[in-house]
Each structure stands twice: as C-alpha cells, then as structure tokens.
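Trainee: Generate coordinates for the sequence data below:
(one chain, ligands or ions: 1)
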Amino acid sequence: MAADILIIGAGGVGSVVAHKCAEASLKGAFGKITLASRTLSRCDSIAASIRSKYNVSIETAKVDADNVPELCALIRKVKPFLVLNIALPYQDLHIMDACLECGVHYLDTANYEPLDTARFEYKWQWAYQDRFRDKGLTALLGSGFDPGVTNVFAAWVMKHELDEVHVLDIIDCNAGDHGLPFATNFNPEINIREVSAKGRYWERGEWVQTAPLSWSMDYTFPQGIGTKKCYLMYHEELESLALNLKGLKRARFWMTFSDNYLKHLSVLKNVGMTGIAPVKYKGQEIVPIQFLAHLLPDPSSLGARTHGYTCIGNVMRGMKDGAEKSVYIYNVCCHEECYKEVGSQAISYTTGVPAMVGAKMICDKTWLKPGVWNMEQQDPDPFLKDLAAYGLPWTCVDVTDQESL
Ligand code: NDP
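Mentor: This is a model prediction of the structure:
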C-alpha cells in the first residue's frame, strides 16, 4: 500500500511539493497527502489548485511546527510514513524532535539555522544520527536543488564519470526576470541572510573566508543563456561534500546576481534593513530583516511574471583511467513552463521536484536507511531517473580545460 505523507509549509516551495506529490500519487507513489502550515487558507488554496489540475483531493491542517506537542498531535492524527519539512530552516530541529517522538521518517530542503545567528551548519542535525538510527528512522537532509540535486550530481559523477575528484564548482544561475525592482525568489529572510553572509570555500582541508560577494567570475551557460557574472558564496552542501567526496582539494559555490539586485541589497544593508538583531521602534521590538521580508513580494506570487531560465549544476575536475578529466552536469529549467505546469516560478519548482523525488525514494524504500543522511550518501541512479521523469531533465558533458575552473 502506498505511504501516506505529511507536508509542512505551504509557501512557494511547499506548493510545488504538494502538486508534484499529488501527480506522483496518481502513479501509486504516495497514499493520502496532508498539507499543513500556520496559515490554513494557503493550504486550502493549494488543495483547490491540485484538485482542479489532477483531480486529487488532499487534506489540509493548521499547525505551528515550532510547537512540538501541537505538531506531535497532528502527526498522531494523520499517521504519515514520512514528514516533509518545507517550512523554514528554523523549524528543522523541532520537526525532527516530533518525528523521533512519533516514530516517523523525516525529510527537509535546507539545514538548520538558529534565528539569532545567520550561520547555517549541519552539526545540529548530524547530532541526531544515533537517535534516528536507534529508532530505525531515516532523516534525509537537503532534498532540494542546491543543496539536493547538486549533491546527487556529485555522487553520480563519482559513480560513473571520475575515479577521483580534485575540484568541484557548483554554479547556480537564475537568468530569469520578474520585472520588479527587487524581489527574492525564495523566502526573503532566508535568501538575504544567505547572500549577505561571508563567502567561504574549501581548499586543501581548510575553510577559506572571503568578504560577502567580493569574488566573482564570468561563466558561459548552455542553451543560449550566455555569459553571466557569478559570485562566490558559502552554501551548505559544501560542508557535507567536503567531508564525503574523498580526495577533494577545492570546493566552491557560485551564484549569479544582476547588478540591480546587488545595488538594492547594498543600499538595504547600508541603512541597516538586513539586520537580524531586534531594534526598539516606538516602544516595540522589530527585527529589521523580518520587517523587510514583510514588505517584499511573496516569492510564490512571482510565477506569473517571471520569464527566462535557470541553470544549476556542477563543474567537476579529477581523474579517469589515469588521465585528467572535467565534466559539467546540469539542469536547465524554464520559468514559464513551470508556471504553466504548477503555477510557480522555476526556483520553487527546482526545489519542490527533488523534495518530492526524495520523499518517493524513502516511501518506496529505495533510500530507506536508518540514520541522518545527506543526499550524496545515497545511490544517485534511481533519484536522477525519477528527477528527469518528473520535470527536471539533466545532462552531463565533458568540458575542455578552458571551460573547467
Ligand atoms: P516561504 O516563505 O514561501 O514559505 C514558508 C512556509 O513555511 C509558509 O507557508 C509558512 O507559513 C510556513 N511556516 C513558517 N514557519 C512555520 C511554522 N512555525 N509552522 C508551520 N509552518 C511554518 O518559503 P519558500 O517556500 O520559498 O522556502 C521553503 C524552504 O525551502 C525554506 O527552508 C528554504 O530555505 C528552502 N529552499 C531550499 C532550496 C534548495 O534548493 N535546497 C531553494 C529554495 C528554498 P505561513 O505562511 O503561515 O507563515
């Protein structure tokens, strides 16, 4: 019998996850689907869209995932096989606690970050390893695109294309345009915390820190996207990949930003609007970045106005059969096509599809393995087969010395 699932979070990504799980349930991948969030009306409108697109009825519920007893009560009522955490990184540990208490499997798309420190690290979630293993439960961390597919791409290259890897560059290009002066394509608070943080990359066994967005390079993307400026950033998958890809000498992460986005971000930072510490305003405590996020467009509203492509992938250099070899493995995704299919832009889509595929891997027991795992620690083949089948086809090509980084 197909496994029942509980999805928590009904934002831009949660909507895609719910749509794609409903689509996959028509092929027997999942049983009953429940979508829960703090705002019930958002869950209900996603449920209505799913009914009209796929003729599938899903259940909805209201829950505050930071309240573990409330969450446990919902889990005990729904009795899912797996909880998909598509809320925010702040909820990760609370949802993992509830899964342990109720004996259900866990999946998320972003690693834990404390509210008062803009620093994400896996140490808090890796500390759950023994508790999940001892209870026979699986926790799959970072099943989005980056982290997520980029980790699986790395595992696939190591399985099929390289004997050793020396250099890894993950490059995330959003060449889409929403026509607004400034908007973020996923949760504004998380996005701005991530982008304004110091850069960090792995070289010869050590982390090297750089000033925020101080290093850049030009990279030419395929399928007519062309050459874009990419900025070095720290990104969470570097932490697990540096540990799990043996022999790696350097690992970096790059993201494209338009000059316009950077100009707005710089002004907002200079005037203190990206601060995460509370400030007193007329007797009230306000966190500047939370107020800013409140003013910015909701990422789930950008779908209808975004056009163009995303291209996310890994350039990997190493050795094969005693000779040097470099490959580029990537997906190109079209914002308009995503909107036509599920009513969302490509950033939510490229995160939501891998979350659904990760859930499918756990529910059909392909990736069911007690403990806490990053994506590169699983067999990449079945995941990448389903990823292509459910809307994110990918390509791996050899690259020349000039194209490799
Ligand atoms: P949104 O802000 O659009 O949605 C977040 C959702 O979580 C909202 O529905 C919100 O509910 C809900 N939520 C927040 N707090 C709670 C809580 N305490 N209890 C229950 N529900 C809660 O964010 P996105 O959809 O853009 O992003 C979702 C996640 O995906 C984030 O963690 C983000 O970092 C991650 N992500 C991962 C990527 C990857 O490639 N790995 C890429 C992009 C995003 P309400 O509306 O009621 O506040």
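Trainee: For the ligand, give me its nearest residue in this structure.
Mentor: Gly11 (1.8 Å; Cβ to the nearest ligand atom). Heads up, the C-betas are built off the backbone N, CA and C, glycines and all.
Trainee: Over to that residue: give its phi and psi.
Mentor: Phi and psi for Gly11, reported as degrees, to the nearest 10, are phi -90, psi -150.
Trainee: Show me what from the protein comes close to the ligand.
Mentor: By Cβ under 6 Å from any ligand atom, the part of the chain that sits against the ligand consists of 8-14, 37-39, 42, 63-66, 86-89, 91, 109-110, 142, 144-148, 186-187, 190, 299-300, 347, 351.
Trainee: mind redoing it with 5 Å?
Mentor: Listed as neighbours of the ligand in the chain under the rule Cβ under 5 Å from any ligand atom: 9-13, 37-39, 64-66, 87-88, 109-110, 144-146, 148, 186-187, 190, 299, 351.
Trainee: coming back round to it: please name the residues that touch the residue of the chain closest to the ligand.
Mentor: Going by Cβ atoms under 8 Å, 6 or more residues apart in numbering, Gly11 touches 37, 42, 86-87, 187, 298-300.
Trainee: switch to 10 Å and redo it
Mentor: Contacts of Gly11 were listed using Cβ atoms under 10 Å, 6 or more residues apart in numbering, and they are 17, 37, 39, 42, 46, 86-88, 186-187, 298-300, 348.
Trainee: same thing with Asp169?
Mentor: Residues counted as contacts of Asp169 (Cβ under 10 Å, 6+ apart) are 201, 217, 219, 230, 232, 250-254, 313-317, 328, 404-405.
Trainee: just the buried members of the residues you listed?
Mentor: 201, 219, 230, 232, 250-254, 313-317, 328, 404-405 (16 or more other Cβ atoms under 10 Å).
Trainee: Keep only those of the residues you listed that are in strands.
Mentor: If you go by DSSP state E, the buried ones among the contacts of Asp169 have 201, 219, 230, 232, 250-254, 313-317, 328 in strands.
Trainee: Make sure Ala3 is actually in contact with Lys360.
Mentor: Yes: between Ala3 and Lys360 there is a contact under Cβ atoms under 10 Å: 9.3 Å.
Trainee: where do the contact lists of those two overlap?
Mentor: Jointly contacting Ala3 and Lys360 under the rule Cβ under 10 Å, 6+ apart are 29-30, 82.
Trainee: re the thing from before, what does the model give the residue of the chain closest to the ligand for pLDDT?
Mentor: pLDDT, Gly11: 94.
Trainee: And for Thr34?
Mentor: Confidence for Thr34, expressed as pLDDT, is 98.
Trainee: what's the single longest helix in this protein?
Mentor: In the chain, assigned by DSSP state H, the helix with the most residues is helix 346-363.
Trainee: strand partners of the helix or strand following that one, parallel vs antiparallel please.
Mentor: Sequence-wise, the next helix or strand downstream of helix 346-363 (DSSP states H and E) is strand 371-374. Using DSSP bridges, the strands paired with strand 371-374 are strand 138-141 (parallel).
Trainee: CA atoms only: put the strand it pairs with into CSV for me.
Mentor: Extracted in CSV, the C-alpha atoms of strand 138-141 (Å, rounded to 0.1, in the frame of the first residue of the first chain):
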residue,chain,number,x,y,z
THR,A,138,15.5,7.8,8.2
ALA,A,139,16.2,11.6,8.0
LEU,A,140,17.1,12.9,4.6
LEU,A,141,18.7,16.3,4.7
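Trainee: Enumerate every residue touching the nearest residue to Leu71 once chain neighbours are set aside.
Mentor: Nearest residue to Leu71, sequence neighbours excluded (Cβ to Cβ, 6 or more residues apart in numbering): Ala98, at 4.2 Å. Residues near Ala98 by Cβ under 10 Å, 6+ apart: 8, 63, 65, 67-76, 83, 85, 91, 104, 106.
Trainee: try 8 Å
Mentor: Going by Cβ under 8 Å, 6+ apart, Ala98 touches 65, 68, 71-72, 75, 83.
Trainee: Check Val56 too.
Mentor: Per Cβ under 8 Å, 6+ apart, neighbours of Val56: 22, 25-26, 33, 50.
Trainee: Just confirm Cys99 contacts Lys135, I think it does.
Mentor: No: Cys99 lies out of contact with Lys135 (Cβ atoms under 8 Å); the separation is 9.1 Å.
Trainee: how about TSV for the contacts of Ala98, with neighbour count and pLDDT added?
Mentor: Below are the contacts of Ala98 laid out as TSV (neighbours: other Cβ atoms under 10 Å; pLDDT from 0 to 100):
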residue	neighbour count	pLDDT
Ala65	23	98
Val68	16	98
Leu71	25	98
Cys72	16	98
Ile75	23	98
Val83	29	98
